[in-house]
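K.L.:
how does the following fold in three dimensions:
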Amino acid sequence: MTDEKRPYRKKRRAELEEQTRLRITESAVELHGSLGPSRTSMSAIAERAGVRRSTLYRHFPDEAAVFGACSAHWAAENPPPDMGAWAAISDPDERLSTALNELYVYYRSTERMMENLLRDEQLMPTVKQFFAVYHQFLDACANLLLQGRGVRGRARRRVRAAIAHTLAFRTWQSIAADLDDAEAAELMCRLVREASA
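P.N.:
Residues are numbered from 1 along each chain as shown. Below is the predicted model:
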């Protein structure tokens, strides 16, 4: 082999490796979204990706490595609403309405995956570890949405609990079958206003 062909072959091999890694990652995302992580085996991921198990393990030595790549890929394609934009809204009721409308649209577009992750975080430590970021996001949202409400002490705890309830995926899911996202957001805004009274 001539010296000038070596860099090309190395580059081509690296591209093929990256394509294989992406195919495995996308296969894991598909299976986690349809079946859930707890019901997805490494063999199923390899089969869906069209690779041997040895190839899968060369790229991802264990389930945690697959789940990490899967989580990063899925999160990049499904970013949550921008909490920073909500912080710029000074009126707390308007801020809450904007947040819930955006969050509920997000929940609707990611419902199947969210449902699987919430179920499986109780079954798999790896899911619980990676999904902690979602719970931290909701906690930060609740703190932001509590600002400017002028409540203290016991009333503050009550209002924060109401806000946290409105942000929960399970809350949205329980009313999403009967209401569209805007109606659901308005109903939950009323709950928080009532808790604030």
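
K.L.:
please go through the protein and pick out the longest helix.
P.N.:
Looking across the chain with DSSP state H, the single longest helix is helix 5-34.

K.L.:
tell me the mean pLDDT for it?
P.N.:
Regarding helix 5-34, the rounded mean pLDDT is 86.

K.L.:
which strands and helices sit next to the helix or strand just after it?
P.N.:
The helix or strand immediately downstream of helix 5-34 is helix 42-49, counting by DSSP states H and E. Secondary-structure packing of helix 42-49 (3 or more CB pairs under 8 Å, 6 or more residues apart in numbering; DSSP states H and E): helix 5-34, helix 53-59, helix 63-77. In short, each C-beta sits where N, CA and C put it, glycine included.

K.L.:
can you redo the ones you listed as JSON lines with mean neighbour count?
P.N.:
Converted to JSON lines, the helices and strands packed on helix 42-49 look like this (neighbours: other CB atoms under 10 Å):
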{"stretch": "helix 5-34", "mean neighbour count": "15"}
{"stretch": "helix 53-59", "mean neighbour count": "15"}
{"stretch": "helix 63-77", "mean neighbour count": "17"}
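
K.L.:
closest one to residue 106 among those helices?
P.N.:
Smallest distance to residue 106 across these (CB to CB): 11.8 Å, for helix 63-77.

K.L.:
thinking again about what came up before, run the chain-centre distance for the longest helix of the chain.
P.N.:
Here helix 5-34 is found 23 Å from its chain centre; the criterion is CA atoms, centre = their mean, to the nearest Å.
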